[in-house]
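**Student:** curious how this folds, go ahead:
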Amino acid sequence: PPLSAQPAWLLSEEYAGVSRREKLREIRGAMTAEGADVLLLTSLEDIAWLLNLRADDIACTPVAMAYCLVLPDSATLFINRNRLPQEAQYALAKEGVQTAAYEDVANAIAAIDQMVTALYEPDGLNYTLYNAWKANPNVTLLAGEEPVQQLKGVKNEVEIENIKNAHVKDGVAMVRFQ
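**Tutor:** The predicted structure follows:
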């Protein structure tokens, strides 16, 4: 099916509890600890968490079809840019996250012109992107788990409070239903 053209939006820190800037700092620290210079996020949930980005591309899951390439001092979100309001693109750029066309991710991998170690999750990387990594002589691949999994598993106080509120609303809906 064609990619969604529905608007995507940035989730406020009021709901996320942690800024994109802080999450990117944590991810880069985890990458360094693993010995990686580059990380391509392919999991839509991980991208949503890292960038506090939401959309309605998949029913009942507020994610956007995208990729995110994280480098030591920058990041690129590969998404249909027409979906992001100008203020969202500006907010991302302010925090070092550029946007590019969804289809350009393999070209961006091919354009890496310095020696890097790229962390990738074997179960989450598609064949086309795996081949793009393998074709670049400047890239050494390091198989492992995307560090977002560990980081998003630990909830901050704002997330815990929002989870509690969601459970209350869910309980009220169940009681009304019954």
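**Student:** only the buried residues of the longest helix along the chain, if you could.
**Tutor:** The longest helix of the chain (DSSP state H) is helix 157-177. Across helix 157-177, burial judged by 16 or more other Cβ atoms under 10 Å covers 159, 162. Just so you know, the C-beta spots here come from the backbone N, C-alpha and C atoms, and that holds for glycine as well.
**Student:** pLDDT on it, on average?
**Tutor:** When pLDDT is averaged over helix 157-177, the result is 92.
**Student:** likewise stretch 103-120?
**Tutor:** 96.
**Student:** and the spatially most central residue of the chain, what is it in contact with?
**Tutor:** Centroid-nearest residue in the chain: Ile47, 1.5 Å away (criterion: Cα atoms, centre = their mean). Contacts for Ile47 (Cβ atoms under 8 Å, 6 or more residues apart in numbering) come out as 41, 53, 63-64, 66-68, 77.
**Student:** what secondary structure does it sit in?
**Tutor:** Assigned by DSSP: H, G, I helix; E, B strand; the rest coil, the conformation of Ile47 is helix.
**Student:** quick check: it vs Thr140, distance?
**Tutor:** According to Cβ to Cβ, to the nearest Å, Ile47 and Thr140 sit 24 Å apart.
**Student:** packing partners of the helix or strand of the chain with the lowest mean pLDDT?
**Tutor:** In the chain, no helix or strand scores lower on mean pLDDT, DSSP states H and E than helix 148-153, which sits at a mean of 87. Contact partners of helix 148-153 among helices and strands, from 3 or more Cβ pairs under 8 Å, 6 or more residues apart in numbering; DSSP states H and E: helix 20-34, helix 44-51.
**Student:** helices and strands around the first one, which ones?
**Tutor:** In this structure, helix 20-34 packs against strand 38-41, helix 44-51, strand 67-70, helix 148-153, with contacts taken as 3+ Cβ pairs under 8 Å, 6+ apart.
**Student:** which residues touch the last one?
**Tutor:** Yep, that's helix 148-153 we're talking about. Contacts of helix 148-153 (Cβ under 8 Å, 6+ apart): 23, 26-27, 30, 41, 43, 45-46, 49-50.
**Student:** would you mind checking those for buried ones?
**Tutor:** 23, 26-27, 30, 41, 43, 46, 49-50.
**Student:** in a markdown table: those residues, plus distance to Leu3 and pLDDT.
**Tutor:** As requested, the buried ones among the contacts of helix 148-153 are exported to a markdown table (distance: Cβ to Cβ, whole Å; pLDDT from 0 to 100):
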| residue | distance to Leu3 | pLDDT |
| --- | --- | --- |
| Lys23 | 25 | 95 |
| Glu26 | 29 | 95 |
| Ile27 | 25 | 96 |
| Ala30 | 29 | 95 |
| Leu41 | 17 | 95 |
| Ser43 | 17 | 93 |
| Asp46 | 19 | 95 |
| Trp49 | 21 | 96 |
| Leu50 | 20 | 96 |
